[in-house]
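Asks: Generate coordinates for the sequence data below:
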Amino acid sequence: MELLKIPPMSEEEYNRVIEEGHICRVVFTGEKYPYIAPLLYVYDGKHLYMLSTKYGEKIKYFHKNPHVAVEIEQVSRDLSDFRFVILFGRLREVEGEEERRTIRKKFIQLIQEKSLSRNIMTALGHSPEDALTALEKEERSIVWQLTDMEGIKGLKSH
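Replies: Below is the predicted model of the structure:
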């Protein structure tokens, strides 16, 4: 019996997966094992930005080694259709105040446009009762950018 290989995606296909999604998994180099953090992201057509709390293991691992793998997926409930994109690069913390504000506004738009639960605010250092504008004004979270891309791989079910 011959092993069937999962077919690769074209650049157009994996860009569509990235554009349509909003949750990614970031894989950091851990101590003994890799460390995986699910994060909310926005894609502006050129750069991938993530928002996270300012605490947790991911911060420690980022400071030790900012090189990461980022996984984004689209899967049907029964897994009859799936698409996986893996990006390899380096995270950088966005430092410019105006740049952070602009990106935070994109996260507010994302939450509104995708009608995400207000419970997502908890994953960003806020209470679900906080106004969405608190994301922009209060800086309780870190804005990351994936830079220095060294590769991208996309696989699909058919």
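Asks: Longest helix in this structure, please.
Replies: In the chain, taking DSSP state H as the definition, the longest helix is helix 97-113.
Asks: Output it as CSV, nothing but the C-alphas.
Replies: Taking only C-alpha atoms (Å, rounded to 0.1, in the frame of the first residue of the first chain), the coordinates of helix 97-113 have been written out as CSV:
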residue,chain,number,x,y,z
GLU,A,97,3.2,53.9,20.6
GLU,A,98,1.4,55.0,17.4
GLU,A,99,2.1,51.7,15.6
ARG,A,100,0.7,49.8,18.7
ARG,A,101,-2.4,52.0,18.7
THR,A,102,-3.0,51.4,15.0
ILE,A,103,-2.7,47.7,15.4
ARG,A,104,-4.9,47.6,18.5
LYS,A,105,-7.6,49.3,16.5
LYS,A,106,-7.4,46.4,14.0
PHE,A,107,-8.0,44.0,16.8
ILE,A,108,-11.0,45.9,17.9
GLN,A,109,-12.3,45.8,14.3
LEU,A,110,-11.6,42.1,14.1
ILE,A,111,-13.6,41.4,17.3
GLN,A,112,-16.5,43.4,16.0
GLU,A,113,-16.5,42.1,12.4
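Asks: quick one: the helices in the chain?
Replies: 11-20, 57-64, 97-113, 134-137.
Asks: These: which one's closest to residue 81?
Replies: Residue 81 sits nearest to helix 11-20 of all those, at 11.7 Å, using CB to CB. Just so you know, the C-beta spots here come from the backbone N, C-alpha and C atoms, and that holds for glycine as well.
Asks: buried stuff in that closest one?
Replies: Neighbour counts over helix 11-20 (16 or more other CB atoms under 10 Å) mark 14-18 as buried.
Asks: Just the closest of these to residue 120, please.
Replies: Nearest to residue 120 among the buried residues of helix 11-20 is residue 18, at 19.1 Å by CB to CB.
Asks: which strands and helices sit next to the biggest strand by length in the chain?
Replies: Determined from DSSP state E, the single longest strand within the chain is strand 141-156. Applying 3 or more CB pairs under 8 Å, 6 or more residues apart in numbering; DSSP states H and E, we find strand 141-156 packed against helix 11-20, strand 48-53, strand 82-93, helix 97-113.
Asks: I am finished for the moment; much appreciated.
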